[in-house]
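Engineer: generate coordinates for the sequence data below:
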Amino acid sequence: MSREYLKELEVLTDSLTKRTEILSSVLDSCDIGTWTWTPAHDTMKWDKAMLGIFEKEAKCVQDFIDCIHEDDKERVVAAVQESLSAKVPYDITYRINTAAGIKIIHARGRVVFEEKEPTRFIGVCVEKWSQ
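Structural biologist: Below is the predicted model:
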């Protein structure tokens, strides 16, 4: 590898690190949680804010669905399916059940496709209100 290439790589890495720090700071200050679902392996990854909002961890999509208020489950599952099949953004408000009571959540996300297959479903979540 040439010195120029290594220098450019170092500059790009520094820039990415700074941008990541800024994004993390913004998300933390707004109490916005981030999530990633990998459909092929049915694995969920939630950041610290998501764990705080939901008051538990979801390791798979069923764990997430189990948190949703019974009256909202069908609508949330339909929105997820629509995002996967119609390739439309995910944008929904729903209720979750927690030990502290019912919380109203707003979530937005999108599916990342590679070779026409959904590889990741990524998004953000914010608590709008709790009872």
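
Engineer: ok, now which ones touch Tyr94?
Structural biologist: Ile68, His69, Asp72, Arg75, Val76, Ile104, Ile105, Ala107 (Cβ atoms under 8 Å, 6 or more residues apart in numbering). C-betas here are computed from N, CA, C, even on glycine.

Engineer: secondary structure and neighbour count added to those residues, as a markdown table?
Structural biologist: As requested, the contacts of Tyr94 are exported to a markdown table (DSSP: H, G, I helix; E, B strand; the rest coil; neighbours: other Cβ atoms under 10 Å):
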| residue | secondary structure | neighbour count |
| --- | --- | --- |
| Ile68 | strand | 19 |
| His69 | coil | 15 |
| Asp72 | coil | 16 |
| Arg75 | helix | 13 |
| Val76 | helix | 22 |
| Ile104 | strand | 16 |
| Ile105 | strand | 23 |
| Ala107 | strand | 20 |
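
Engineer: looking at the residues you listed, which is nearest Glu127?
Structural biologist: Ile105 (6.0 Å; Cβ to Cβ).

Engineer: who's the closest one bridged to?
Structural biologist: Counting by DSSP bridges, Ile105 is bridged to Tyr94, Glu127.

Engineer: could you list the low-confidence segments of this protein?
Structural biologist: Within the chain, the stretches with pLDDT under 70 are 16, 20, 22-30, 130-131.

Engineer: so where do the strands sit in it?
Structural biologist: Along the chain, the segments classed as strands by DSSP state E run 32-38, 43-46, 90-98, 101-114, 117-130.

Engineer: distance to Arg19 added to these, as CSV?
Structural biologist: Shown next, in CSV, are the strands of the chain (distance: least, Cβ to Cβ, whole Å):
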stretch, distance to Arg19
strand 32-38, 15
strand 43-46, 20
strand 90-98, 24
strand 101-114, 19
strand 117-130, 16
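
Engineer: buried deepest among the ones you listed, which one?
Structural biologist: Of these, the one with the most neighbours on average (mean count of other Cβ atoms under 10 Å) is strand 32-38, at a mean of 19.

Engineer: what's the angle between that strand and strand 117-130?
Structural biologist: With axes from the mean of the first three to the mean of the last three Cα atoms, to 10 degrees as the basis, strand 32-38 and strand 117-130 are set at 150 degrees to each other.
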